[in-house]
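Peer 1: Fold the stuff below for me.
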Amino acid sequence: MSATLLIGYDVERIPGRVPGEKWVGEPVPENATDLFLDNVLRIHREVGVPATIFILGCKIERHLAQLEACLASGLFEIAQHTQDHFPLKTVLEESPYNVYLPGLPFGRIEEQLARPVELLGRHLGVRCRGVTTPYSYYRGLADRPDILEIVARHGMSYVRSYGRNSRDYFPLGWDVKPSWYARQGFPEMLEIPMQGWIDAQWRREHGWRNWAPYHEYLEGQVEAVAGGGWCWSHCQHDWTSVFYDERLTWTRKFLEYAANRLSVMTHYDFYQQMHGSRERAVANQP
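Peer 2: Below you'll find the model as predicted:
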């Protein structure tokens, strides 16, 4: 497998709830998603690289025109980030913040995964191929085959849920690679982990205005991927992207830097590549 970058934009801004202004420490633009979707389409057209938009189901109808424009460009896959951005599993951080987020009761999870699938199909004609889970978890959904069953039953092929280390915090190490959920009984379901720091946590710890140091960190990630021949699913959010950078100037710089060093593709295209490689390997066995 060649060194690969999968760009995943979590589109999740819900004024008054996501992200919590208390957690951020200052106000977040209420129109962050509008700003983001307009500008992300522009910069991806300029650079010419693809990405995946993981959108909350509760935001799909509000942003239909912008999502349609992204699809028409041919550069974006649109998948889901659940319906309302509640944790599917409990998060118990061993960190300076000691965050505790209880997971949803199991009876509420089906709707959170099913509703966005229905909305994407009805309004955009999109077959939802994957989901990125709110907050991400240590070991992803490896210990929750009951949730994987719901994901598979609603026609999805991959999950992006493994983003935390054994302290249920960040960063996740490069030893965690994309893997199949075969042991859990879902051999066609791929976990695509998010190594390193998610953008929101890195910038919270180092300062929301410090774009230049964050860009240097991302450049280092790119070089690590290029040197190791790995796959990296980079996590970036709508509200973080426009926070002190409404035109996405720094995001564009990152895209330009990465495009010269890595193969950039959508998450579902990567899934198809992995699936094809596995089938060829099986076919070539004596």
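Peer 1: And the strands in the protein?
Peer 2: 4-11, 51-55, 76-80, 91-92, 100-101, 130-138, 158-164, 179-181, 186-191, 231-237, 263-265 (DSSP state E).
Peer 1: Using PDB, write out every CA atom in the second one.
Peer 2: In PDB, the C-alpha atoms belonging to strand 51-55 read as follows (Å, rounded to 0.1, in the frame of the first residue of the first chain):
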ATOM      1  CA  ALA A  51     -12.000  14.400   0.600                       C
ATOM      2  CA  THR A  52     -14.900  12.900   2.600                       C
ATOM      3  CA  ILE A  53     -17.500  15.000   4.400                       C
ATOM      4  CA  PHE A  54     -18.900  13.300   7.400                       C
ATOM      5  CA  ILE A  55     -22.100  15.300   8.200                       C
END
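Peer 1: Buried residues, it. List them.
Peer 2: Under the neighbour-count criterion of 16 or more other Cβ atoms under 10 Å, strand 51-55 has 51-55 buried. In short, each C-beta sits where N, CA and C put it, glycine included.
Peer 1: before we move on, the earlier item: how about the strands of the chain in a markdown table, adding mean pLDDT and distance to residue 256?
Peer 2: Shown next, in a markdown table, are these (pLDDT from 0 to 100; distance: least, Cβ to Cβ, whole Å):
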| stretch | mean pLDDT | distance to residue 256 |
| --- | --- | --- |
| strand 4-11 | 98 | 12 |
| strand 51-55 | 99 | 14 |
| strand 76-80 | 98 | 18 |
| strand 91-92 | 98 | 34 |
| strand 100-101 | 97 | 35 |
| strand 130-138 | 98 | 24 |
| strand 158-164 | 98 | 24 |
| strand 179-181 | 98 | 31 |
| strand 186-191 | 98 | 28 |
| strand 231-237 | 98 | 14 |
| strand 263-265 | 98 | 11 |
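Peer 1: so can I have JSON lines of the ones you listed showing distance to residue 271?
Peer 2: Supplementary listing: the strands of the chain in JSON lines, determined by distance: least, Cβ to Cβ, whole Å:
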{"stretch": "strand 4-11", "distance to residue 271": "10"}
{"stretch": "strand 51-55", "distance to residue 271": "11"}
{"stretch": "strand 76-80", "distance to residue 271": "10"}
{"stretch": "strand 91-92", "distance to residue 271": "26"}
{"stretch": "strand 100-101", "distance to residue 271": "28"}
{"stretch": "strand 130-138", "distance to residue 271": "7"}
{"stretch": "strand 158-164", "distance to residue 271": "5"}
{"stretch": "strand 179-181", "distance to residue 271": "10"}
{"stretch": "strand 186-191", "distance to residue 271": "5"}
{"stretch": "strand 231-237", "distance to residue 271": "11"}
{"stretch": "strand 263-265", "distance to residue 271": "10"}
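Peer 1: Quick one: closest of the ones you listed to residue 22.
Peer 2: Taking Cβ to Cβ, strand 100-101 is the member of the strands of the chain nearest to residue 22, at 14.1 Å.
Peer 1: Partner strands of that closest one, with direction?
Peer 2: Counting by DSSP bridges, the strands paired with strand 100-101 are strand 91-92 (antiparallel).
Peer 1: who's in contact with residue 265?
Peer 2: 4-6, 50, 273 (Cβ atoms under 8 Å, 6 or more residues apart in numbering).
Peer 1: Let me know the closest of the residues you listed to residue 93.
Peer 2: Nearest member of these to residue 93, counting by Cβ to Cβ, is residue 6, at 25.0 Å.
Peer 1: which non-adjacent residue is nearest the closest one?
Peer 2: Nearest residue to residue 6, sequence neighbours excluded (Cβ to Cβ, 6 or more residues apart in numbering): residue 233, at 4.4 Å.
Peer 1: So what's the residue count around the closest residue in space to residue 88 that isn't next to it in sequence?
Peer 2: Leaving aside its chain neighbours, residue 88 sits nearest to residue 133 (5.4 Å; criterion: Cβ to Cβ, 6+ apart). By other Cβ atoms under 10 Å, 27 other residues sit near residue 133.
Peer 1: hang on, residue 133 packs against residue 82?
Peer 2: Yes. Between residue 133 and residue 82 a contact is recorded at 6.9 Å, counting by Cβ atoms under 8 Å.
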